[in-house]
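# model this:
(2 chains, ligands or ions: 2)
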Amino acid sequence: MAGKVGSLFQIRQPLPGLVGLGLGLIFLTMVLGAWWGMTRGPVEERVISSVILPSPQEIAESLPDLITRRQLFENIQVSLIRVLKGWGMALLLVIPLGLVMGAFGPVRAFFEPLNVIAGYLPLITIIPVTFAWFSGESQKLAFLTMACFFFMLPLVIAAIENVEEIFLNTAQTLGARRHDLLMRVLFPMALPEIYSAARLAFGIGWTWIIVAESLLADAGIGFIFMSSYRFEKPHMYWTALIILLIGFAADQLLGWLGRRLFPYRHL
Amino acid sequence: MSQRPHVVEFRDVSHTFNRGTPREFTAIRDLSFHIEDIPARGEFIAMLGPSGCGKSTVLNLIAGFRGFVPPTRGEVLVFGKPLTGPGPDRGMVFQKYSSFPHLTVLQNVMFGLDLLKEPARTRAERVDLAMEWIRKVGLEDHALKYPRQLSGGQQQRVALARSLVLHPRIILMDEPFSALDEPTRLDMQRLLVDLWHEVEATVFLVTHSIAEAVYLGDRIWIFTPAPGRLAVQIEKEPPRARGTDPLEAQESAEFKKDVQLVAREFTRVTT
Ligand SMILES: Nc1ncnc2c1ncn2[C@@H]1O[C@H](COP(=O)(O)OP(=O)(O)OP(=O)(O)O)[C@@H](O)[C@H]1O
Ligand SMILES: [Mg+2]
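Ligands and ions are numbered 1, 2, ... in the order given. This is a model prediction of the structure:
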């Protein structure tokens, strides 16, 4: 037994799937157990006051109220649609721009300032700027578009640049002209990496919509999250969990889709 | 009588990389040669030389890749015209596997056919033609696989089919078989000879194997260390031309003598 456990700690030793899952579950159970232990019993005898941390049961019981009175599902939908719109808009802009920037020196040089912004401007500074320029829904959309756009731009350019010269040369000996090199070599060969960048960008968008809605909004999951902070602590924990789960589920879904879109990467 | 233009002609070609920088390096210097166009028959030129002497540079100059047009000095003419860039009249097979990873074998072989304007073919005709060449290189059971699923030898077969389906007049091969094991390498030589009869192109083959050069080459060229010059040219009817199998050829005393001769010349030139 000791030897077996020891062998799992060999550097880069792959874990049997169930062992990996089990270890994660053990950690979760311990955290939940500690939480349950510290918040059990009558309110005045608890280790941690229910104002700071409600018990698991109290949180569970708050769910119906969250769903009906606070319209959980409608608000989730509001946030998701905002992210999808901003993310989609960013994809429409950043993929063609990144493609021509990665392929053509003059275009790259012309738009290089955007790339510098993408690399060095903290996203959080975009929020007040978009507040100044836009209002209401269009502010959310503009912010999310910019967040995803600036996150992806350097990655899309790199994906195009990483396509090896040998493929461009080969394509030319097969009769490819400039347009073919762009659309039949650079773009399709960079697409899996662009897709990975888009997948990460969705996560970024989902994180930042919560921030944006927490700061100023009258709907959305980030709005519920922030507005329950004062008087409805159980709702705050619920929304935090839901935000996490949606982010995780979306990433898994995009990962699954990626394996189907680019089967040749996973043979 | 009008003179047919040479297939390839180098006029005092020199090529220097990173010119004007501290990393400046002249790979070939004052190289001149021409290959005559003999109707309905191509030639097989096997190029030998020490590593780094500029063999790939010569092929890249003929291909007309970025950074090689025009050469630093001199002129590279293909069918009498100065090069402007790469084109489907010059096929290339690299040592490094270069099949498009996102396309199946069939799609790889169709890549050039799809771009061709003349002759106009329907999609079905293009598929048929591509499949015909896939059969010729023995990959009919793998047409729908991706390059990642193929062995090194199979990938080079794809590269061959993809290039030959376009019937290039010139085929440039840069150590195409050197990553393969010996039996596979001989298989590929047989295949190359078979297919070559169909396309009758002029082949420039860079190789590190003297036996391969002797078996395939109508001419064997030996280059000096960089800056590469063409030091020796041996013209001899190769066993290939008599229809001898490569394995069989290797057994014969004459072949062994030729290999020794080339090896001696190689040593003389490079030391
Ligand atoms: N893009 C480049 N930039 C700078 N130097 C280069 C470049 N390509 C080749 N060289 C140099 O030019 C010389 C000739 O290169 P080349 O690739 O033609 O040699 P080769 O004869 O094909 O060698 P090998 O047998 O190792 O393939 C080498 O010394 C190489 O270092
Ligand atoms: Mg080389």
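# can you give me the helices in chain A?
Assigned helices in chain A, in chain order: A:2-8, A:17-38, A:56-61, A:63-68, A:72-103, A:105-120, A:126-133, A:136-161, A:165-173, A:178-180, A:187-215, A:221-227, A:233-261 (criterion: DSSP state H).
# Out of these, which is closest to residue B:266?
helix A:165-173 (28.2 Å; C-beta to C-beta). (Each C-beta comes from the backbone N, C-alpha and C, glycine too.)
# before we move on, back to that, mind telling me which of the helices of chain A the model trusts least?
Lowest mean pLDDT within the helices of chain A: helix A:2-8, a mean of 77.
# And the closest residue to residue A:124 other than its chain neighbours, how far from residue A:61?
The shortest distance from residue A:124 to any non-neighbouring residue, by C-beta to C-beta, 6 or more residues apart in numbering or on different chains, is to residue A:211 (7.6 Å). Plainly put, residue A:211 is 29 Å away from residue A:61 if you go by C-beta to C-beta, to the nearest Å.
# can you pull the contacts of the residue nearest to residue A:124?
A:124, A:127, A:222 (C-beta atoms under 8 Å, 6 or more residues apart in numbering or on different chains).
# Residue A:147 now?
A:86, A:90, A:123, A:126, A:204-205, A:208 are the contacts of residue A:147 under C-beta under 8 Å, 6+ apart.
# Please apply the same query to residue A:137.
residue A:82 are the contacts of residue A:137 under C-beta under 8 Å, 6+ apart.
# Look up the pLDDT of residue A:123 for me, please.
pLDDT, residue A:123: 86.
# Look up how far residue A:150 lies from residue A:247.
With distances taken as C-beta to C-beta, residue A:247 is found 20 Å from residue A:150.
# And these two? Which one has more around it.
Comparing residue A:247 with residue A:150 by other C-beta atoms under 10 Å in any protein chain shown, the one with more neighbours is residue A:150, at 21 against 17.
# what sits against that one?
A:114, A:117-118, A:121, A:123, A:126.
# What's the separation between the residue nearest to residue A:124 and chain B?
37 Å (C-beta to the nearest C-beta, to the nearest Å).
# got it, and residue A:162?
For residue A:162 relative to chain B (C-beta to the nearest C-beta), the value is 13 Å.
# now swap in residue A:151 and tell me
Residue A:151 is 25 Å from chain B, by C-beta to the nearest C-beta.
# Around chain A, which positions in chain B sit nearby?
B:63, B:65-66, B:85-88, B:90-92, B:94, B:96, B:98, B:100-102, B:111-112, B:115-116, B:146-149, B:162-163, B:166, B:168, B:172 (C-beta under 8 Å from any C-beta of the partner chain).
# now with 6 Å?
Residues of chain B lying close to chain A (C-beta under 6 Å from any C-beta of the partner chain) are B:65, B:86, B:88, B:91-92, B:96, B:98, B:101-102, B:111-112, B:115, B:146, B:148-149.
# Buried subset of those as a ChimeraX selection?
With 16 or more other C-beta atoms under 10 Å in any protein chain shown as the criterion, this ChimeraX line picks the buried residues out of the residues of chain B next to chain A:
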select /B:65,86,88,91,92,98,101,102,111,112,115,146
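# Nearest to residue A:177 among the residues of chain B next to chain A?
residue B:115 (7.8 Å).
# my read: that closest one touches residue A:177, true?
No - Residue B:115 lies out of contact with residue A:177 (C-beta atoms under 6 Å); the separation is 7.8 Å.
# what about residue B:91, which helix or strand?
strand B:90-93 (DSSP states H and E).
# Which SSE is immediately downstream of that strand?
Following strand B:90-93 in sequence, per DSSP H and E, is helix B:105-115.
# what about the next helix or strand after that following helix, average pLDDT?
On the C-terminal side of helix B:105-115, the closest following helix or strand by DSSP H and E is helix B:123-136. Taken as a whole, helix B:123-136 has an average pLDDT of 95.
# thinking again about what came up before, so which of the contacts of residue A:147 comes closest to ligand 1?
If you rank the contacts of residue A:147 by distance to ligand 1 using C-beta to the nearest ligand atom, residue A:90 comes first, at 36.9 Å.
# In contact with that closest one, which residues?
Counting by C-beta atoms under 6 Å, 6 or more residues apart in numbering or on different chains, residue A:90 touches A:145, A:148-149.
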